[in-house]
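**Student:** Model the structure of this input:
(chains A and B)
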Amino acid sequence: MKAIEFRDVSFSYKKGGFAISHLNFSVEEGEFVAVLGHNGSGKSTLARLCNGLLTPKAGKIFVYGEEVTDKNLFDVRKKVGIAFQNPDNQAVASVVEDDVAFGAENVGLPREEIGRRIAFALGAVGMESYRTATIARLSGGQKQRVAIAGVLALKPNVMILDESTAMLDPRGRREIVDVVKKLNKEEGIAVVLITHFMDEALLADRAIVLNRGEIVMTGDPASIFERHEELLTYNLDLPRIGKICKQLQAGGMAVPDTLDPEELAEAIARCVSSRNG
Amino acid sequence: MRIVAERLNYTYNANSPFAVHALNNVSLTIEEGEFFGIIGHTGSGKSTFVQHLNGLLRLPESKKRKRRKSKKNAPHSTILKVGDFDLTDKKTDFRALRKAVGMVFQYPEYQLFAETVEEDVAFGLKNFSEKKLTKEETAQAVREALEEVGLDYNAVKDKSPFDLSGGQKRRAAIAGVIVTKPEVLVLDEPAAGLDPLGKKELMELLHKLHREWCKTVVIVSHDMDEIAENCTRAAVFSEGRAVECLPPRELFKKTDELLSLGLDVPLTAKIARALKERGIEIDCDFTVDGFVSAVLAKGGKP
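**Tutor:** Reported below is the predicted structural model:
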């Protein structure tokens, strides 16, 4: 079943240029998709189109087979949730549990159910013990996890993360990435991860590369990173380890293209010992 | 200007239940001409330290008074000097200090506020100048600053800063700081949130500024690869202490220590450690180029 499907979708902010043009794209139920692209390539526009925050100028968007229209917007948003970039401007309440409850309250769930949903959502992101904490006193990673919990409380089928790790430190990034992986594996929630960090894209089942509002590359992340020259033309780059592999190969060392530091070290060690032996 | 800090302490919300001891006896010297890195995870005291450098955070009054009264304790007292400015002295000209030490905060583009780029960049200049500048002088300084950061003065000066692209906004914001020609430029996570190409261009800009405009550059960063590639030395903060202060070549040999502090290490250091376990010592500066040539020297084509 396709969770999200774009059929020939175009969108523009201003007359003339297109932020997204003739895009065909789909996310399967339970799939983990990474979306890459340089600034201004249309990544965030794509995210906002997925749950009706923006309406396409042309083409159609389907969520679980149903076309997104003004009438079913609320149902769509129950199925497709978005977490944004900035940890400091997504909270609507001052206390963690109130903030997580906000979406669930808005869709009119009964009180007891909201309580259960808060417990579930905070448990899923590992923030149970912060239920009554003040959001302003949390770290960036914790704030982002609360924001994700707020989306989870609606039990969505698809989570979209629009550069949700961009403003976090490495520890916060790891927290979010771990939570997202777990939700995808254990809860079966489909994930659309929009990111600038090439190493995060490696976690996905499939990666797509956007350039000027069009999909220019698609495939499993490792195969995308094999097409180094092509990535460079879209102002993207290899994960750093990919660059090291390429440079070693260029210097005449027989190492494979790998994204795992241990594997690379093993290959280097083999080369060194064969030369010395 | 040489920056010297000795036994620096700072507590947020002192004498309240929310008191946080953010800096704990920090001693650190940054030489003139360095491209200095400050690393540490969130809450380690990096930003608190950096905000002392241009007097945004000051040493608490009470301590100073105590110090003055009991000169006997002088050896244990705090020293904080930026060039000739003594920041422990209340009479220091903080305005002149702030002109000499430019501070670029995280996501500086959020601080753009004026109607046009020209006004925005000129704001700091006007505030810090001793005398009233003529229109021409202001325009000239703004033009130089904008061109230094790679923006076309004529094309952007009358635009609203909010109509610029993300990368341009950040450049404009940096222009607004360097327009006073500070000798020291401090940047808190200058490349955060940019795409890979944007990051690369921004680091190139910082090196250009370091060569042509500001003698000393201090960056706060979470990105260890960025530190390894760019910095002359880096200080590691942890729980309010400066636990290390070394050039990348030596700092990243201490992989295990850094990992135990909850910090990352550059990818090159990770591979070097894995090689060490296999009995191969790689001696390099941990930049990608340095690492590759060191590895090739050991196992490339003879």
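
**Student:** tell me the contacts of B:Arg273?
**Tutor:** B:Thr255, B:Asp256, B:Val265 (CB atoms under 8 Å, 6 or more residues apart in numbering or on different chains). Just so you know, the C-beta spots here come from the backbone N, C-alpha and C atoms, and that holds for glycine as well.

**Student:** One more pass at 6 Å, please.
**Tutor:** Taking CB atoms under 6 Å, 6 or more residues apart in numbering or on different chains, we find B:Arg273 in contact with B:Thr255.

**Student:** can I assume it sits in a helix?
**Tutor:** Yes. According to DSSP: H, G, I helix; E, B strand; the rest coil, B:Arg273 belongs to a helix.

**Student:** Stretch B:17-27 close to chain A?
**Tutor:** No. Counting by CB under 6 Å from any CB of the partner chain, chain A has no neighbours in stretch B:17-27; the shortest distance is 8.6 Å.

**Student:** A:Glu31 reaches A:Gly188, doesn't it?
**Tutor:** No. Applying CB atoms under 6 Å as the test, A:Glu31 and A:Gly188 come out as separate, 10.1 Å apart.

**Student:** who has more neighbours, these two?
**Tutor:** Taking other CB atoms under 10 Å in any protein chain shown, A:Glu31 and A:Gly188 do not tie; A:Glu31 has more neighbours (19 against 10).

**Student:** What sits closest to that one if chain neighbours are left out?
**Tutor:** Take A:Glu31 and drop its neighbours on the chain: the residue closest to it by CB to CB, 6 or more residues apart in numbering or on different chains is A:Ala190, 5.1 Å away.

**Student:** Was I right to think the one you found contacts A:Ala3?
**Tutor:** Yes. With contact defined as CB under 6 Å, A:Ala190 reaches A:Ala3; the gap is 4.9 Å.

**Student:** contacting residues around the closest residue to B:Ala175 other than its chain neighbours?
**Tutor:** Using CB to CB, 6+ apart and skipping residues adjacent in sequence, the residue nearest B:Ala175 is B:Ala145, 4.2 Å away. Applying CB under 6 Å, 6+ apart to B:Ala145 gives the contacts B:Val121, B:Ala175, B:Ile178, B:Val179.

**Student:** Present those as TSV; the columns should include neighbour count, secondary structure and distance to B:Leu56.
**Tutor:** Putting the contacts of B:Ala145 into TSV (neighbours: other CB atoms under 10 Å in any protein chain shown; DSSP: H, G, I helix; E, B strand; the rest coil; distance: CB to CB, whole Å) gives the following:
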residue	neighbour count	secondary structure	distance to B:Leu56
B:Val121	31	helix	21
B:Ala175	25	helix	20
B:Ile178	21	helix	18
B:Val179	26	coil	19
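
**Student:** any idea which of those residues is the one closest to chain A?
**Tutor:** Nearest to chain A out of those is B:Ala175 (CB to the nearest CB; 19.2 Å).

**Student:** ok, now which ones touch the most centrally placed residue in chain A?
**Tutor:** In chain A, the residue lying closest to the centroid (CA atoms, centre = their mean) is A:Leu193, at 1.2 Å. Neighbouring residues of A:Leu193 by CB under 6 Å, 6+ apart: A:Ala34, A:Leu161.
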